[in-house]
Structure formats: C-alpha cells, structure tokens
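> task: produce atomic coordinates for the following.
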Amino acid sequence: ESEFTVRTHGALQLLTRTASLAKGVPLAKSFYSGNSAETVRRLKRIPIGFVAFDDNEPLDEALERLWLAVADHGGAGKMEFDLIMRSEPTGRFPLLKTVRAADTTLYDALDLACRTAGAMFEVRGQCVVVLPAP
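Below you'll find the predicted structure:
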C-alpha cells in the first residue's frame, strides 16, 4: 500500500504510515490478525537490561533502534508481531526527552518512549501500532 514505508533489517520489517491522520483511511480490521492478549504477553516477556532515549531523538528512530537492539540480542525469535508507526499529520514524529531505564521489558520500554514523546501505542492482534496522542 502506497501509504506505508517499509524498512527491512533481515527478517525484521518496520512499517511507517506517513499519510496525514485527516486524510488517512484506517486499516481494515482484518489487517490486524492474531490475538492481542498474546502479543501483549510476548512484549512483557522480552527483557531489556538497559535502554536510553536521547533528548530530541525522533520517536520513529528511537523505536527502530530499540527493535533492532532487541532483535540483535536474541529477541528476534520472540518478536512475532509487527510494529506500525503512524506519523503526525506533518509526516514527522514527535521528539523524545532524555530518559533511561534498567531491568525492564520491551512493553515497558515502548510505553516509556511513547509517553516521553507525547504519543501512545495500541496492541491490535499481532501488531503494535504507535499513534500520535489525541
């Protein structure tokens, strides 16, 4: 679909929806197959020893770096879900504030990144969807 940008890193694919929210058509419910509760469980079972987000780092770059780090450190087999990031209507992602966390999970690191950038995420089937805050 032309509204998505796909960045591939081996078996890992990151989808970014760059269409504006006002003009973008929501994805069909069938796009989000799978069990949301199972995806949340998987996110909460992937341990992260330490994560750091830097001031003024765009959310999409920070999450891509996080996903790649998890995959590189043996988590790729546990990441049986997709990450879809939806930009602001301007096509840009919000900037994070400096924050660090230790002994956490992928779920909590994702939540921390989104909250510091003023964004939110939802788990829909086997998809983690990052959205601008309403």
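> so what's Arg65 scoring on pLDDT?
What the model reports as pLDDT for Arg65 is 90.
> surely Thr116 and Pro94 touch.
No. Using Cβ atoms under 8 Å, Thr116 is not in contact with Pro94; the gap is 9.0 Å. Using the backbone N, CA and C atoms, a C-beta is placed for each residue, glycine as well.
> comparing the two, which shows the higher neighbour count?
Higher neighbour count among Thr116 and Pro94: Thr116, with 19 against 16, using other Cβ atoms under 10 Å.
> shouldn't that one be within a helix?
Yes. Counting by DSSP: H, G, I helix; E, B strand; the rest coil, Thr116 is part of a helix.
> I'd like to know how far it sits from Arg86.
Using Cβ to Cβ, to the nearest Å, Thr116 is found at 18 Å from Arg86.
> and Asn56, by the same measure?
21 Å.
> of the two, who's got more company?
The neighbour count for Asn56 versus Arg86, taken as other Cβ under 10 Å, is higher for Arg86 (22 against 8).
> the residue nearest the centre of the chain bridge partners, please.
For the chain, the residue nearest the mean C-alpha position is Leu83 (4.8 Å; Cα atoms, centre = their mean). Leu83 forms beta bridges with Leu14, Val128, as assigned by DSSP bridges.
> pull the helix or strand with minimum mean pLDDT from this structure.
strand 12-17 (a mean of 64; mean pLDDT, DSSP states H and E).
> hmm, who's touching the helix or strand following it?
The first helix or strand that comes after strand 12-17 along the chain, using DSSP states H and E, is helix 36-45. Taking contacts as Cβ atoms under 8 Å, 6 or more residues apart in numbering, the residues outside helix 36-45 that touch it are 78-81, 105-108, 110, 123-128.
> fine by me, we can end here.
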